[in-house]
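[1] next one to model:
(2 chains)
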Amino acid sequence: MTNRLLVAVTMTAREAARNRTACVLALILPLLFYGLALLMTSERIVVFQLASRSLEPDIEVAGRSEALVFMALIAIGFMSAFFGVNLMQKHSDTNRRLVICGYRPSELVLSKLLVLAGSVVIVSLYCLALMTPFFVPRHPATVLAGLILIGYVYGCYGLMIGALWRRELESMFSVILLTNIDVGWLQHPAFYSEAENKAFIHWLPAYWPVQAAMSGAFADYGLGPSAMGALAYGTILLFIAILVFWRHVRMAVPRRSQSMVAAR
Amino acid sequence: MNAGALIQCRSITKRFGRTNVLSDVDVSIGGGQVVGIVGENGSGKSTLLQILAGIMPPTNGSVEHHGSIGYCPQDALVFEALTVTENLRYFGAAVGVTGSLFEKRAESLLTTLGLSQYRSRLVGQLSGGSKQKLNLVVALLDDPAVLLLDEPCSGLDWEAYLSFWALADQARDAGKSVVIVSHLLHERGNFDAVLMLRNGAISR
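    Numbers count the residues shown, from 1 in each chain, chains lettered A, B, ... in the order given. Now for the predicted structure:
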């Protein structure tokens, strides 16, 4: 890691950590989601089919266990998307000044991604630890990977939305709309099992992370394809974020050079 | 390009939609001078400065730089949730001023502008004037050949104001260019040359 990137990561992390209200909310929100899951569900058996394993037998699990895993995915998906938007939009003019001074736009986006990734890992571990008194997944490491992957994909989505829109309202709509429809509804195994046009659901951002977490919690399938799919999806969103950010902050005349903006 | 010019722009035109802000502006700024860009509100002073800095592309025309540029925007663009030192370290990394050089430069500038007692304070807790001083320190951090400053004295107390002009004089004596956007008439006496913007064109 270059010195510049290291400094950018350190300063971005310090800035985020000093937002104490957001840090407390990041701890409270999963509790709230889990509390609702425990309140609204029972040990009644639910039957579903994993979308990525449609030829395999149906899975039968307690409704409460399935709800806990799903709530963790929703909580992390929402939080990482909003955090991504916030990282990109907050101080956008000051970030531009950093680019004017010599930072590469990709270095700044990468520093935000690294801080986001660190936060996602911490929140995912916290969610998994909160889950275990009520339900112990068959493969906790795979569930953890699924939670981290949804954080990565939706965090990159947040970075992209934060780069695309300059204002908060448009970003809120974009995050809430997709996260609600995708993670909160269409990817739910019970809904998916009965859904028409399932191919559409496969193209949504949460598809691979949800498959990873669900198969880790209730089955014995490997993580490989789900991880590859989620990483590829998130990386595409990340590249779009870098490209859009670069277009916003690029210099007309590169710094420290004898250069010219030619007449158009 | 004029011999010795650190920044030169030719036939600069800038339009925002149908509004013509700058029309056919030629500027050549050499070393060892403090140049003022003055004019009424909305006359395009900040736009011209941003074009000179290479931040904003002109609609037509060309800009040439010979030497590093330090740009100080009108608003204090610094991170409010970081301390003064952390901000300087962040911008120092951007301009390549690190280690002992950073310590020396930061110490000297903070002392000159009367900010040294606030080095560990979060910027969000500083007064508007102190934020403006930090804004200025950031621009001066790498000792650039050309300083482009947009209303750098707004919000400064009298002592900092005098220190700023002493710094500008030092920069001029060291052969650097200092370009200052100002709307204060009494500052005109401090400039070696004045570019008066009127109706999008320069009248000297």
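[2] contacts and neighbour counts: CA atoms only from here.
    Will do.
[3] in whichever helix in chain B runs longest, which residues are buried?
    Scanning chain B for the longest helix, with DSSP state H as the assignment, gives helix B:158-173. Counting neighbours by 16 or more other Cα atoms under 10 Å in any protein chain shown, one finds that the buried residues in helix B:158-173 are B:160, B:161, B:164, B:167, B:168, B:169, B:171, B:172.
[4] same check on stretch A:59-69?
    Judged by neighbour count using 16+ other Cα under 10 Å, the buried positions of stretch A:59-69 are A:61, A:63, A:64, A:65, A:66, A:67, A:68, A:69.
[5] in three-state terms, label residue 25 for me.
    All of this refers to chain A. helix (DSSP: H, G, I helix; E, B strand; the rest coil).
[6] wrong chain, I was asking about chain B
    Of the three states, residue B:25 takes strand under three-state DSSP.
[7] same check, this time on residue B:15
    strand.
[8] per-residue pLDDT, it?
    At residue B:15 the predicted local distance difference test score is 93.
[9] check contacts around residue 29.
    I'll assume chain A. Contact analysis of residue A:29 by Cα atoms under 8 Å, 6 or more residues apart in numbering or on different chains lists residue A:75.
[10] think we crossed wires, I meant chain B
    Contacts of residue B:29 were listed using Cα under 8 Å, 6+ apart, and they are B:5, B:6, B:7, B:8, B:35, B:177.
[11] and if you look at residue A:139?
    A:216, A:217, A:220.
[12] in this structure the first one contacts residue A:147, no?
    What it means is residue A:216. No: taking Cα atoms under 8 Å as the definition, residue A:216 is not a contact partner of residue A:147, at 10.5 Å.
[13] quick one, which of the two is more surrounded?
    Neighbour comparison, residue A:216 and residue A:147: the larger count goes to residue A:147, with 30 against 23 (by other Cα atoms under 10 Å in any protein chain shown).
[14] name the element the more buried one belongs to?
    When elements are assigned from DSSP states H and E, residue A:147 belongs to helix A:140-164.
[15] helices and strands around that helix, which ones?
    Helices and strands in packing contact with helix A:140-164 are listed as helix A:63-89, helix A:105-131, helix A:168-181, helix A:207-218, helix A:224-249; criterion 3 or more Cα pairs under 8 Å, 6 or more residues apart in numbering or on different chains; DSSP states H and E.
[16] the shortest one - contacts with which helices or strands?
    In terms of contact count using 3+ Cα pairs under 8 Å, 6+ apart, helix A:207-218 is assigned the packing partners helix A:63-89, helix A:140-164, helix A:224-249.
[17] show residues contacting the helix or strand following the longest one.
    Tracing the chain past helix A:63-89, the next element assigned as helix or strand by DSSP H and E is helix A:92-101. Outside helix A:92-101, the residues that touch it by Cα under 8 Å, 6+ apart are A:105, A:108, A:249-251, A:255, B:55, B:70, B:77-79, B:91, B:94-95.
[18] list the buried residues of helix A:92-101.
    Neighbour counts using 16+ other Cα under 10 Å place A:92, A:94, A:95, A:96, A:97, A:98, A:99, A:100, A:101 of helix A:92-101 among the buried residues.
[19] now it - C-alpha only, CSV.
    Once non-C-alpha atoms are left out, helix A:92-101 reads as follows in CSV (Å, rounded to 0.1, in the frame of the first residue of the first chain):
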residue,chain,number,x,y,z
SER,A,92,-17.2,15.8,-2.3
ASP,A,93,-15.6,19.3,-2.9
THR,A,94,-12.8,18.6,-0.4
ASN,A,95,-12.2,15.3,-2.1
ARG,A,96,-11.9,17.3,-5.3
ARG,A,97,-9.3,19.5,-3.6
LEU,A,98,-7.3,16.4,-2.7
VAL,A,99,-7.3,15.4,-6.4
ILE,A,100,-6.2,18.9,-7.3
CYS,A,101,-3.4,18.5,-4.8
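[20] same question for that helix, mean pLDDT?
    Over the span of helix A:92-101, the pLDDT mean works out to 91.
[21] and stretch A:159-166, by the same measure?
    In the prediction, stretch A:159-166 has an average pLDDT of 94.
[22] any regions of the chain where pLDDT drops low?
    Defaulting to chain A. A:1, A:54-56, A:252-264 (pLDDT under 70).
[23] actually, chain B is the one I wanted.
    Per-residue confidence of chain B (counting by pLDDT under 70) places the weak regions at B:1-3, B:185, B:204.
[24] before we move on, what SS does the residue sitting nearest the centre point of it have?
    By Cα atoms, centre = their mean, chain B has its centre lying nearest to residue B:149, at 1.8 Å. Here residue B:149 is strand, with the state taken from three-state DSSP.
[25] tell me what it is bridged to.
    On the basis of DSSP bridges, residue B:149 takes part in beta bridges with residue B:72, residue B:180.
[26] what about it, distance to residue A:16?
    Remark: distance between residue B:149 and residue A:16 (Cα to Cα, to the nearest Å) = 30 Å.
[27] ok, residue A:61 next?
    39 Å.
[28] again with residue B:112
    Applying Cα to Cα, one obtains 31 Å for the distance of residue B:112 from residue A:16.
[29] please enumerate the strands of chain B.
    B:5-16, B:19-30, B:33-39, B:60-65, B:69-72, B:146-150, B:177-182, B:193-198, B:201-203 (DSSP state E).
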